Structure formats: C-alpha cells, structure tokens
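Novice: Attaching a predicted model along with its sequence, questions to come.
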Amino acid sequence: MTFNNKVVWITGASSGIGKSLAITLSQENCKLILSSRRKEALEKVKALCNNPKNITVLPLDLAETNSLKKITEMAISSFGKIDILINNGGISQRSPIIETTIEVDRKLMEVDYLGTVALSKALLPHFVANNYGHYVVVSSLMGKFSSPFRSAYCGAKHALHGFFDALRLEHEADNVKVTMICPGFVNTNVARNALTADGSKQGDQDEMTEKGLPVAVFTKKMLQAIRKEKFEAYIGKKERFGIYLKRISPKLLHKLVLRSKVR
C-alpha cells in the first residue's frame, strides 16, 4: 500500500504522535484531515505541513459520540472520500486502582474506546460502499499486557483490540483493513496529560516516557507498518518483548513488570 492519492484522516493531530504523522504525511502525495478538540493547535500543525491546500482542519471531541456521525459526513465531503482513518486521539491515566474514581474509568472508556468505536462505525458504510478502507488504531503495548497504575488505560486499550479484531473478520470481504499500532514508551506529553485518581492531569513526565523512542523514529516505524498493512505492530524499545513473554510465561512477565521502574 502507498499513500499516493489517498485521503488520510488523523485524530489527535494537534500534538505528539498525531502532529508528527501530519507533518510527515504532508510530504507524501496525499490529502489530510486533521482532527482534535483544539482548532487553534490544529491550525498551527497545518502551518508546519507541506501543501496546506491539501489539508483540512476539522475539530472534534471523541467524548461527544452523538456528534461524530455528522462530523464524519463533513470529513468525507472535504475531499470526496476517505481512504485511511488513523484513530490516534485519546488520553492516558496514572493512579492506583484503589484511589481511582469510577469517573476516571468512565472517561477513559468514553474517549479511548467508545469515541474511537463511534467514529469508526460512522465511517464504516463509506468504506464498505467504496470496497476499500483502512483503519489504523493507535492502541498500546498496554492493550496486550498490563502495567501498574494504568488500570483504566489498559482496560480501554484491551477493549479496542476485541472490537477491531471482530471488525476485521466481519469486513474482510469488503476489503476493509485494520492495523493495530501498539506503542511502548514514546517521548511525547502523554504522561503529562494523563489523568490521575481524581481526574486531574498528572502534569509531569515519568522517566520511562522521557527515555522512550523519539516521536520521529516512532512515526517512521508506524508508517512502515501501515504501508505493509500489518494486523498488529509492536513499536518500542525492550518493553515490546513483553508481548512475546506473555505468550510463553504470563507469570514471569508479571514478576519482571513488578521489578521494573514502571510507575
């Protein structure tokens, strides 16, 4: 697969991985739709991109699922079609289970899971009618195995895998592709913006995220996985080997995570 003449819709495009994807993809022969809650931030990202005439800014809030069908219609009308939806928007969480209010769990599910599912379902009839479409879902290694102090985040990311594995099976005959991207630690502001036990932002960076992959390196590897139409891609440093260790010995992975500096 190439990005040539494709229309790519990116959520969470105002910062971090989404911003890096937008800037990198703007160098390809494709058109982009950039979405997040912050229109002003999206306009700044657009200004950093090549060929701004090929870029549409379309604000949305994944928590407002009732608005996503209308926004999807607007996205399609921007360039007449959508070929690839990169579901990158979302939030993280850092807090002990015993202290975390159920409102935080609900917020993570509303944004990271239900918002992503609602947007994808709104676009699905368009993909089926065109007999082509590619969902790219930014999950996490935490969607495959868990880590302390990320219970709500792990739950929402695990749920994404269940849904999109089913979607891939149901729409194989419609030529609808699904690529699950599972980042390890990437040096973005995801930890600073993570919700704590009472729903407030953490505000500071953790050591493992600070030492994670540079976002430009991650973006290059992610785009390679999309081009190859991989089912899943595990992108990170040594933490990605937790995927394989869980298959061999979940108990050993449990012990290693307990001994790690992940907090």
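Specialist: Cool, the structure landed.

Novice: which residues in the stretch 51-200 of the chain form strands?
Specialist: Along the stretch 51-200 of the chain, counting by DSSP state E, counting those that start in this stretch, strands occupy 55-57, 84-87, 133-138, 176-183.

Novice: Need those in CSV (columns: mean neighbour count and mean pLDDT).
Specialist: Backbone N, C-alpha and C define where each C-beta goes, glycine included. Below are the strands of the stretch 51-200 of the chain laid out as CSV (neighbours: other CB atoms under 10 Å; pLDDT from 0 to 100):
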stretch, mean neighbour count, mean pLDDT
strand 55-57, 21, 98
strand 84-87, 26, 98
strand 133-138, 24, 98
strand 176-183, 23, 98
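
Novice: Out of those, which gets nearest to residue 258?
Specialist: Ranking the strands of the stretch 51-200 of the chain by distance to residue 258, with CB to CB as the measure, places strand 176-183 first at 21.2 Å.

Novice: Next, the buried residues of whichever helix or strand comes after that closest one.
Specialist: Going down the chain from strand 176-183, the next helix or strand is helix 207-210, by DSSP states H and E. For helix 207-210, the neighbour count (16 or more other CB atoms under 10 Å) marks 208-209 as buried.

Novice: ok so, going back, output the strands of the stretch 51-200 of the chain in CSV; the columns should cover distance to residue 162.
Specialist: As requested, those are exported to CSV (distance: least, CB to CB, whole Å):
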stretch, distance to residue 162
strand 55-57, 32
strand 84-87, 15
strand 133-138, 12
strand 176-183, 11
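
Novice: Out of those, flag the one nearest residue 4.
Specialist: Minimum separation from residue 4 across those (CB to CB) falls at strand 84-87, 12.0 Å.

Novice: Which other helices and strands does that closest one contact?
Specialist: Counting contacts by 3 or more CB pairs under 8 Å, 6 or more residues apart in numbering; DSSP states H and E, strand 84-87 packs against strand 7-11, helix 116-130, strand 133-138.
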